[in-house]
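**Q** model this:
(one chain, ligands or ions: 1)
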Amino acid sequence: MSRISYLNGKYVEHNSAMLHIDDRAIQFADSVYEVILFHKNRLIDGVEHWLRLSSSLAKLSMQMPYLATEFNEIAHKLFTLNNIETGSIYIQVTRGVSPRNQLIPKKISQTVIMTVIATTLPQLPDKINKAMIEPDIRWQMCDVKSTGLLIGSLYKQKAVDNGFDDVIMQRNNIITECCFSNLFIVKNNIILTHPTDNFILAGITRATLIKLAAQLSLTTKETKFEYNELINADEVFSTSTTTFVRPIHMIDDSVINHGKNGQITQKLFYAYHEYINK
Ligand code: PMP
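**A** Below you'll find the predicted structure:
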C-alpha cells in the first residue's frame with residue numbers, strides 16, 4: 001500500500017508531495033511544527049498540541065490555518081488511509097510561498113503539511129543511556145516550536161559520533177533541556193525541571209508528567225538548576241512525545257544512580273503508559 005500524506009487540502013502519494021522552492025520555510029525556516037502520538041484511535045493530548053501550535057504561530061504573527069476540529073479530522077483520516085493504529089503525526093505550517101524577501105508578505109496563503117508514521121510504544125532502555133553537555137547556543141525563542149532545528153540536529157549527530165545518545169544543553173550555567181526533549185532531575189524525592197519560559201520548549205509530555213507526578217503524590221518544582229545539581233542528582237530523565245520518559249544513566253563521565261533506572265523515573269514511565277492506554 002502506498003504512503004499517503006496531506007499537503008494543502010489534498011491527500012497525496014507521499015513521494016509526490018512537493019513544496020514550491022519559494023516557500024518561506026526553505027528560505028527563512030518561517031514555519032512551525034507539532035508531533036502528536038496517535039494511539040487507541042485518539043490523539044494523545046490533542047487539545048494541548050493544537051494550543052501550542054496556535055501559540056507558536058501567534059508568536060510569529062501567523063494564524064491557525066484550520067480549526068482544531070478540522071486538524072483532528074485530517075489527522076484521523078490520514079491514520080485511516082495509511083492503516084496505522086499506533087503512530088505519530090508530523091504537522092508543519094509555513095507562512096507560505098512568496099518571492100524571497102526579508103519583509104513578510106501580507107497576503108499569502110499558508111502551507112500545511114501532515115505526514116504519519118507507524119511507531120511502537122517506547123520501552124525503558126535496557127542499556128546505559130548517555131548524554132553529553134553542550135552550550136545552549138539556540139536562539140532565545142525556544143518556546144516557539146520552530147522548524148529551525150539545525151543546532152539540535154548537529155548536537156544529536158555530535159553525541160552519536162562521540163559514543164553518546166543525547167545532548168543536554170546549558171545556558172549561562174543553567175541546564176535548560178535536551179536537544180529534542182525536556183529534562184528532569186530527582187533529588188531527595190523532589191522532581192525538578194526548568195520553568196517554562198523562552199529558553200525551553202513547553203513540552204506537552206512535560207506538562208502531562210507533572211500532573212501524573214502530582215497524582216502519585218510526588219512533588220515537582222519548576223525551578224532552574226545547574227550542572228553540579230544535575231550530575232549529583234539521584235535520577236535524571238527526559239520527556240517527549242515519541243520517547244515518553246527516558247532515563248539518563250550517564251552525563252559526560254558521571255554515572256547517575258549506579259547506571260540503573262531510578263524508582264521515580266520508572267513509576268512515571270509506567271504512569272505515562274497507563275495514561276495513554278486509558
Ligand atoms: N524540547 C525540545 C527542544 C523538543 O524538540 C521537544 C520535542 N520536539 C520537546 C522539548 C518535548 O516536547 P513534547 O513533549 O511536546 O514532545
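
**Q** what's across from M250 in the sheet?
**A** Bridge pairing for M250 (DSSP bridges) gives the partners K130, V255.

**Q** Hmm, I128 and it touching each other?
**A** Yes: taking Cβ atoms under 8 Å as the definition, M250 is a contact partner of I128 at 5.7 Å. C-beta coordinates here come from the backbone N, C-alpha and C atoms, glycine included.

**Q** So which of these two has more stuff around it?
**A** Shown here are M250 and I128; by other Cβ atoms under 10 Å, M250 has more neighbours (18 against 14).

**Q** mind listing what that one touches?
**A** I128, N129, K130, A131, I256, G259 (Cβ atoms under 8 Å, 6 or more residues apart in numbering).

**Q** Of these, keep whichever come out buried.
**A** Those of these that meet the buried threshold are N129, K130, A131, I256, by 16 or more other Cβ atoms under 10 Å.

**Q** Let me have those residues in CSV, extended by distance to E235.
**A** Shown next, in CSV, are the buried ones among the contacts of M250 (distance: Cβ to Cβ, whole Å):
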residue, distance to E235
N129, 12
K130, 15
A131, 13
I256, 7
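
**Q** List the beta-bridge partners for the residue lying closest to L218 once chain neighbours are set aside.
**A** When the adjacent residues along the chain are set aside, L218 lies closest to I191, with 6.0 Å between them (Cβ to Cβ, 6 or more residues apart in numbering). Beta-bridge pairing for I191 (DSSP bridges): V186, T220.

**Q** what's near enough to touch I191?
**A** Applying Cβ under 8 Å, 6+ apart, the residues contacting I191 are F184, I185, I210, A213, L218, T219, T220, K221, I264.

**Q** coming back round to it: for the contacts of M250, which two are the farthest from each other?
**A** Across the contacts of M250, the longest distance by Cβ to Cβ is 13.1 Å; it joins A131 and G259.

**Q** I91: what's it in contact with?
**A** I91 neighbours (Cβ under 8 Å, 6+ apart): Y33, E34, V35, I36, L53, F71, A75, V112, I113, M114.

**Q** ah, wrong one, I meant T241
**A** V35, I36, L37, I44, S88, G203, I204, T205.

**Q** Can you give me the pLDDT of it?
**A** T241 carries a pLDDT value of 98.

**Q** Okay, it and N188: tell me how far apart.
**A** 29 Å (Cβ to Cβ, to the nearest Å).

**Q** Alpha carbons of stretch 88-101, as PDB, please.
**A** C-alpha atoms of stretch 88-101 as PDB (Å, rounded to 0.1, in the frame of the first residue of the first chain):
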ATOM      1  CA  SER A  88       2.700   9.700  15.200                       C
ATOM      2  CA  ILE A  89       1.600  12.600  13.100                       C
ATOM      3  CA  TYR A  90       4.000  15.400  12.000                       C
ATOM      4  CA  ILE A  91       2.300  18.700  11.200                       C
ATOM      5  CA  GLN A  92       4.100  21.700   9.700                       C
ATOM      6  CA  VAL A  93       2.600  25.100   9.000                       C
ATOM      7  CA  THR A  94       4.700  27.500   7.000                       C
ATOM      8  CA  ARG A  95       3.900  31.200   6.200                       C
ATOM      9  CA  GLY A  96       3.600  30.200   2.600                       C
ATOM     10  CA  VAL A  97       5.100  30.800  -0.800                       C
ATOM     11  CA  SER A  98       6.400  34.200  -1.800                       C
ATOM     12  CA  PRO A  99       9.400  35.500  -3.800                       C
ATOM     13  CA  ARG A 100      12.400  35.700  -1.400                       C
ATOM     14  CA  ASN A 101      12.200  39.000   0.600                       C
END
